[in-house]
Structures are given as C-alpha cells and as structure tokens.
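[1] One predicted model, sequence on top.
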Amino acid sequence: MIDRFDHLHIQPADFDRSLAFYRDTLGWSVVASWGDPASGRGAVLSGGATKIVLAERSSFPAGAAQSRLSVHLDIHDIDKRFRELPPGDHVVSAPALGERGRRGFVVRDPDGNHIAFEELHGERG
C-alpha cells in the first residue's frame, strides 16, 4: 500500500491575507476556487509539484474537533486502507463521498491534526 502526498489543507485566520501570500508573494497559481464570503471561500494554489488548499470553512463532521491544518493523501483503495486501521476515537469520519466529489476518510493525530485519505483516480492539478 502506498500513501502519496496530495496537498496540504489550511484553514487560515485571514483568508485574503493567506491567498495574497501564496499567490503574490510565492507566485503560486490559483488552479481552482469556490464559495463567497457569506458561505466560505476556498482556493487551490499550485507551486508546481506542491498544492495548498486554503478554506475559510471546513466540512469536517459536526462535533469533530477541527484542526487548522490537515494533510491529504492520495490512495488507491479507500475501503481496504480503512479496514487496515485499528478502530478508535482517532477516526473522524468513515469512508464517504466528500464535497469535492472524492471518496475518503479522515483520522486525527494525537495533536488534533487531520489526515485525510482520498481516492483521486489519477486526478492531478
């Protein structure tokens, strides 16, 4: 089983300031964006082989402690990978279809940071 890095997810304290930093200061390209200030905005920025997702609001399940940082891994078999995990309170969400059309699940490390396992099926941005 290979877990490949896909992107880093950041829930910034100041969306506009963070967007300007990655786009203008680092020179990264905005490859996707969504939302509005009322519902929450998001953007995917790419610096080549690295992607950052900035999101004002997170879609983690209600009641889940939210981290400001989450790592997203691209894997090939969500169900098999999930079955390999021991059960416990580290599981934030079981395999399901997410808002961006990807199947995945989320676990929480001891510091509260989220690790999302997603099936990207060759999708690259």
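    Yep, that arrived. Numbering: from 1, shown residues only.

[2] Out of the helices and strands in this protein, which is least certain?
    When the helices and strands of the chain are scored by mean pLDDT, DSSP states H and E, strand 69-75 comes last with a mean of 79.

[3] so what strands line up beside it?
    In the sheet, strand 69-75 lines up against strand 4-10 (antiparallel), strand 114-119 (parallel) (DSSP bridges).

[4] Report the distance from it to the chain centre.
    Between the centre of strand 69-75 and the centre of its chain there are 6 Å (Cα atoms, centre = their mean, to the nearest Å).

[5] Please work out which residues outside it touch it.
    Identification of contacts with strand 69-75 by Cβ atoms under 8 Å, 6 or more residues apart in numbering yields 1-11, 53, 81, 106, 113-120. In this view, the C-beta of every residue, glycine as well, is placed from N, C-alpha and C.

[6] Now it - C-alpha only, PDB.
    Once non-C-alpha atoms are left out, strand 69-75 reads as follows in PDB (Å, rounded to 0.1, in the frame of the first residue of the first chain):
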ATOM      1  CA  LEU A  69      -4.000  22.100   9.300                       C
ATOM      2  CA  SER A  70      -4.700  18.800   7.500                       C
ATOM      3  CA  VAL A  71      -2.600  16.600   5.300                       C
ATOM      4  CA  HIS A  72      -4.300  14.900   2.300                       C
ATOM      5  CA  LEU A  73      -3.000  11.600   0.900                       C
ATOM      6  CA  ASP A  74      -3.900  10.100  -2.400                       C
ATOM      7  CA  ILE A  75      -4.500   6.300  -2.100                       C
END
